[in-house]
Structures are given as C-alpha cells and as structure tokens.
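Novice: Fold the following for me, if possible:
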Amino acid sequence: MALVSELEVVESSGGSNSSAGQSSKPDAVAATPAKQQMHVKQEQENTPPAVTPAFTPAAAKPAFTPGPTPSPSEQVRTNLAMTPATGVEREQQLSPLGLTPSSTTPVPVGSRARVQPIKALNPYDTQWTIKAKLVRKAPPRSFNSRAGAPSRVFNVELADAEGGQIQGTFWRESADKYLDTLQEGKVYYFSKFQVKPANKQYATVKNDYELHFDNRTEVEEAADQSGITVSHQVDVVPFDKLLRYVGRKMPVDILGVVVSCGGLGTIKRKADQTELPRRDVTLADSSGHSVVLTLWADQAQRSDLDGCEGQVMQVTCVRVGDYNGCSLSAVTRSQVTLNPEGEAADALRQWWESEGRDATLTPLGQATGGIGGASGAGPRQNKLQFLQEVVAEDNLPSPDAKPTYHDVIVNVMQIKEDQTMYYLANPDNGKKVEPRDGRYWCEADSRFVDVAGNRYVLTARVADATRECYVNMFNEQGNQLMGSTADELAALRNSDEAEFNKKVKAAKWTEWTMTLAARSREYNGERRMRYTVARVSPLSLVDCSSNVVLHVLHNKYCPLLLSSCSRTSFQSRCGRQALLVWSTKE
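Specialist: From the prediction side, this is the model:
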C-alpha cells in the first residue's frame, strides 16, 4: 500500500507539472523516472523477503508525450473503431475513405483510369490491365499436379468495349479464388496476368493470344457495368476451306443454302442415358460443295426449320469434325439464323437461283477421300492445288493432328550443297548406324550390323506461281529427284567435288508433281508447319492439260467448248478423264 500511494503522489506531481506550462514539461518528464526508482528501492528495503508484492511496477511512462496532430482520416478511423455501427452505417462511413468491407463484397468494386484494349495485348509486357465483360465461364476441370496434389482449372471468354475477344484460363489458386465469385455478364478489371500464344487446337475465340491467370492475378468488379456490348463478328469460312479445321476445337462461322433438312430425332447420352434431340441439315455454298450440319437440343426443335429447303442459313461457332470425312456440329453458343441480311447472303441466294439449284454438288466427305489409306493418314485432296492454298501461316493444327495431303506442281528452286543430304543406315530397316570397331552399331536396335548403306534425307526449296516453301524428302523421293542413289552421290562427293556440285545443280529448276504431307511441329515453344514429300513424279503434260480442262469445265469458264465439239472430237482432244466430265454436264 505504501508503494501504491507513493506512485500516486509521483503521478499527480508529474500531472501538475505538465499543466504548469511548456517550460516545465521537460523537467517533469525527466524527474519522474528518478523519483519512481528512489521510492521503489526504499519500499523494497522495508519489505520482508518472504512476502511477494501484489504489484511490480515497470518503467513508468510519461503521462503525456508530445506528438503530431492526427489527420482527419485517422481521426475518423479511430472514431469508427470506438463507435459501434450497423452494416449500412459502416459502409456509408467507410465510402469517403475509399474502403470496402470485405465481408460483404468478395470481389472489390472500383474504377481504373488506365486500361488497355484486348487487341493491344502481347507477350512482351506484363503490366496489363483490361476492362472486359465475362461472356462465358466454362465448368471447372480437375487434375493432379506434378506433386500429386489435386488442382482445378476453368476457362473464360472475355470481350471489351472495342470488340476484342480473348480466352483466359484460371489455374490452381486463382481458380479456387474466383470460380464462385465471377459471374457471366458482369464487367471486371483484370490485371497481373500472362499473355501467351493461343493454342489454336483448343481455342474457342479467334485471337492469336490467350490469358493465363495465376495466384498473382487481381480481379476487380467495375463500378460502371455499361459500355460493353458483345456482338459476334461473323467470319464466314467457305466450304472448300473447311478441311483445314478438321479435328480442331476452334469454331468457325458458315453460310450456306439448305439443300435438305432431316427430321427431328433423338440420341441417348452416354452419361445419364437421357434423350437428346438432334437434326441433320445439309448445306451447300457457291464452291460446289455440300456438308452436313448437326443441330442439337433447342436448336434442333425450332419450328421454322420445317420446310426451310432453299433458304440461306447462317450458323456461328460450329465445330468441324472428321465424321464421314468432314462434318459440322453446333454447340451451345452457336447461333442459327435463317435468311440473314448482307451482301454475302444475297450473293449466295443469287447463285442458288441461277445455277446452284441444278448443279452437281460434291459432299465434303467424298471430296476428301475419307481418311487416307491404311496408314491412318489425314484427309487427302483429289485435285491439284497451288502452294498458296497449301501453306498455312495461321490457325496451325495441333502437333497431334493427322497430316493432310495435297497434290501440287512445283519447280525445284534450291538444293543446298552443304547440307548433309544422306545418313548411314541399316539396309534392313533404315535405322541410323555409326561405324564402330569395323562394324556398324544401331542404337535403335542395340546391336551391330555388318553392312550399312546411305539413305537420302534432304531439304529443297520449291515454288509455283503463287509462293514458295521448303520441303523434306527421304530416300525414295530423293532417288527420283537426284537421279542416283545416296551411295552413288556420297561416293561422288568424296571423289570429285566438282562433279558432285554439277549433279546437284542438274536437279535444280526441274518441274515435278508432288504430294505433300502437311503437319505441324513444336520447336522451342514455337509451332511450325512441316511439309514432307510423300510422292514425287515427273510432270506429265497430258495430265496437266487434262486438269486444266477439268478446272475450266467445273467452273464453267468456257461453256461454248461443250457446244462446239462433238463427243468424239472432244475425247480425242482432252482425253478420257475429261470425257467423264462431259457426261456429267450433258
């Protein structure tokens, strides 16, 4: 008790000194700790050792410490912390300070001055912020990480005020954070994401890039939800170009005349065995090809589809499959429009009324020749094409997709003499071998062989009237192009360099009919097309002339040719193959 009373006296003394004026404040503050220590020491000497005091004072602090005046915002925060308020009052008090109660709004709401359009995105910068509407949120998918931990991922489709569209993917932590909070149709600010080249095999929108969202990503709901109207930009793909999209997930837009409309049917789902309505519609366009489109669910049950033959139909976002060679299938986001307006639709109606109704249409499934051969190759073209039609620079297929085959007539422009051109191989299976201890070791078979031979593997630059490209050739095609075996060319290179160069030069500027196998390959993260010569043969002028005549007849560029010639004279001039076309035109 004596200690407590002494402390009270000291504190009251300090308080009185502090109220005396600013000149006495430093002295009072400096004297207070010394007085406290003196009285505490005296009390401890008078207290028996066995008795523990009920209160052990610590170093006393001054009763008043001068400091900066609090700002108005800090004062408001202090008052809010000391004064209870309801949820509505709390939100009204916090709004002038720019604060948002996290318990009531999972995704923060705000506005940002600097945003970039979707069309400006590229992988060479990371400080992006876009304002976009969430057009579509796909269901989540589950997978196991490399460590074996379960993770989730889901895709979104975004659109901004300038009409740009892009696909994004939320991974792992970001998927768990935003899966339940993001809502379709709302506008958000997205920042701190990665821009990567789009995988066109799995892309659902037409953009060269896609967004990847991770645990650093920030998503904020926009205070202004207006100003973004999603309008699908129709980019119609002609039917004769649909083969490039076989097996890809990228949707296409089509425009065609309804040749026939099948009846409404159903199919059982494998998942739950429920009946799913479906309807097959055969469409044709001015390229002279027809294709079957399958509509599902509500799209198939439309009443205006009954008796729609002869009308123009526009369908957006359809998938191209390889069923029967080539077929189309609508998806949930597909929009079916009968008798659309526009120049393309008017031109298609005019074509149908003038010549399309009576024309002989070629189904795309038959035009591709199905899946080529027993080797499981991809669609094969039955007509000659230009390299401009074959060489693809965008919408490259997946490396897992089957190759497509194209017949072209090209000139060999360049064969580099300094390339390897051949390799030492096992003659039994063509596997590469290397000399070792007087024999040849085959790494693929893990055994030695006694005899080895050279096989061609060379690259040449070919061209036609439209463009050029590099092609790869193997042993059989190299033998035809070079006019000698790889062993003969290797011996010539080792014995006479001049004769070797002369031999290679003789193969240049020669004209050939080639069948190219087109397939994409991934190299250092970049996808490129690779063209391999599957078949090569010398150019036949007779076959070339027949193909030109067939092209003229098919497109009706010269209708007077049929009326001015008899069947016999026409066959003698153009050959038996052209006569078959004569029969179809009569």
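
Novice: alpha carbons only for contacts and neighbour counts from here, please
Specialist: Will do.

Novice: check contacts around Asp176.
Specialist: Taking CA atoms under 8 Å, 6 or more residues apart in numbering as the contact definition, Asp176 lies against Arg152.

Novice: Please work out how many residues are found near Ala490.
Specialist: Neighbour count for Ala490, taken as other CA atoms under 10 Å: 17.

Novice: Against Gly430, how distant is it?
Specialist: For Ala490, the distance to Gly430 (CA to CA, to the nearest Å) stands at 17 Å.

Novice: do the same with Leu255
Specialist: To Gly430, Leu255 is 49 Å away according to CA to CA.

Novice: For those two, indicate the residue with more neighbours.
Specialist: Between Leu255 and Gly430, counted using other CA under 10 Å, the more crowded position is Leu255 (25 against 15).

Novice: Which secondary structure state does the closest residue to Thr485 other than its chain neighbours sit in?
Specialist: Nearest residue to Thr485, sequence neighbours excluded (CA to CA, 6 or more residues apart in numbering): Asn479, at 5.3 Å. On the three-state scheme (DSSP: H, G, I helix; E, B strand; the rest coil), Asn479 is labelled helix.

Novice: does Asn479 really touch Ala486, like I thought?
Specialist: Yes. Taking CA atoms under 8 Å as the definition, Asn479 is a contact partner of Ala486 at 7.2 Å.

Novice: intersection of neighbour lists for the two?
Specialist: What both Asn479 and Ala486 touch, as defined by CA under 8 Å, 6+ apart, is the set Tyr456.

Novice: Give the residue from those two that has the larger number of neighbours.
Specialist: Counted by other CA under 10 Å, Asn479 and Ala486 do not tie: Ala486 has more neighbours, with 23 against 16.

Novice: mind listing what the more buried one touches?
Specialist: By CA under 8 Å, 6+ apart, the contact list for Ala486 reads Tyr422, Asn454, Arg455, Tyr456, Asn475, Gly478, Asn479.

Novice: Sketch out the low-pLDDT regions of the stretch 401-550 of the chain for me.
Specialist: Flagging of the stretch 401-550 of the chain using pLDDT under 70 yields the residue ranges 524-525, 543-544, 546-550.

Novice: Show me the helices in it, by range?
Specialist: Taking DSSP state H, counting those that start in this stretch, the helices of the stretch 401-550 of the chain run over residues 475-482, 486-495, 497-506, 541-555.

Novice: List just the one of those helices that sits closest to Tyr189.
Specialist: Nearest of those to Tyr189, taken as CA to CA: helix 541-555 at 52.4 Å.

Novice: Can you tell me how far Glu221 is from Gln127?
Specialist: Separation of Glu221 from Gln127 (CA to CA): 19 Å.

Novice: Between those two, which is the more surrounded one?
Specialist: Using other CA under 10 Å as the criterion, Glu221 and Gln127 rank with Glu221 on top: 22 against 10.

Novice: For that one, name its beta-bridge partners.
Specialist: Here Glu221 sits in beta bridges with Val109, Tyr188, going by DSSP bridges.

Novice: How about stretch 136-143, which residues are buried there?
Specialist: Applying a neighbour-count criterion of 16 or more other CA atoms under 10 Å, one finds Arg136, Lys137 buried in stretch 136-143.

Novice: Just the pLDDT for the residue nearest to Gly227 when sequence neighbours are not counted.
Specialist: Sequence neighbours aside, Ala161 is the residue nearest to Gly227 in space, at 6.2 Å (criterion: CA to CA, 6+ apart). Residue-level confidence at Ala161 comes out at 88, pLDDT.

Novice: residue contacts, Val281?
Specialist: Taking CA under 8 Å, 6+ apart as the contact definition, Val281 lies against Val258, Val259, Ser260, Cys261, Gly262, Val292, Leu293, Thr294, Leu295.

Novice: let's see 10 Å
Specialist: Going by CA atoms under 10 Å, 6 or more residues apart in numbering, Val281 touches 257-263, 291-295, 300, 305, 308-309, 313, 328.

Novice: next one: Glu526
Specialist: Contacts for Glu526 (CA under 10 Å, 6+ apart) come out as Pro197.

Novice: gap between it and Pro197?
Specialist: To Pro197, Glu526 is 9 Å away according to CA to CA.

Novice: The closest residue to Asp464 other than its chain neighbours - how many residues pack around it?
Specialist: Computed as CA to CA, 6+ apart, the closest residue to Asp464 that is not its neighbour in sequence is Val410, at 5.0 Å. For Val410, the count of nearby residues is 22 (other CA under 10 Å).

Novice: Relative to Ser329, how far out is Val410?
Specialist: From Val410 over to Ser329 (counting by CA to CA), the distance is 36 Å.

Novice: Go ahead and confirm Lys186 touches Val135.
Specialist: Yes. Assessed by CA atoms under 10 Å, Lys186 is found in contact with Val135 at 8.1 Å.

Novice: ok so, going back, torsion angles phi and psi at the residue nearest to Gly227?
Specialist: Dihedral pair for Ala161: phi -70, psi -20, per degrees, to the nearest 10.

Novice: what's near enough to touch it?
Specialist: Pro117, Ile118, Lys131, Ala132, Lys133, Ser226, Gly227, Ile228, Thr229, Val230.

Novice: What of Phe448?
Specialist: Residues near Phe448 by CA under 10 Å, 6+ apart: Asn426, Val433, Glu434, Pro435, Arg436, Asp437, Arg439, Tyr440, Trp441, Cys442.

Novice: what about it, distance to Tyr440?
Specialist: Using CA to CA, Phe448 is found at 5 Å from Tyr440.

Novice: which residues do those two both contact?
Specialist: When contacts are counted by CA under 10 Å, 6+ apart, Phe448 and Tyr440 are jointly contacted by Asn426, Val433, Glu434.

Novice: So which of those residues wins on neighbours?
Specialist: Across the shared contacts of Phe448 and Tyr440, neighbour numbers were computed from other CA under 10 Å; Val433 holds the maximum, 25 neighbours.

Novice: With adjacent residues omitted, what lies nearest to that residue?
Specialist: Ranked by CA to CA, 6+ apart and with sequence neighbours excluded, the top spatial neighbour of Val433 is Cys442, at 4.5 Å.

Novice: before we move on, back to that, next step: the shared contacts of Phe448 and Tyr440 restricted to strands.
Specialist: Judged by DSSP state E, those include Val433, Glu434 as members of strands.

Novice: and the shared contacts of Phe448 and Tyr440 as TSV, adding distance to Val390?
Specialist: Compiled in TSV, those are given as follows (distance: CA to CA, whole Å):
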residue	distance to Val390
Asn426	34
Val433	35
Glu434	37
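
Novice: ok, now which ones touch the residue lying closest to Ala452 once chain neighbours are set aside?
Specialist: Distances taken as CA to CA, 6+ apart place Asn426 nearest to Ala452, at 5.1 Å, with adjacent residues excluded. Asn426 makes contact with 432-434, 440-442, 445, 448-455 under the criterion CA under 10 Å, 6+ apart.
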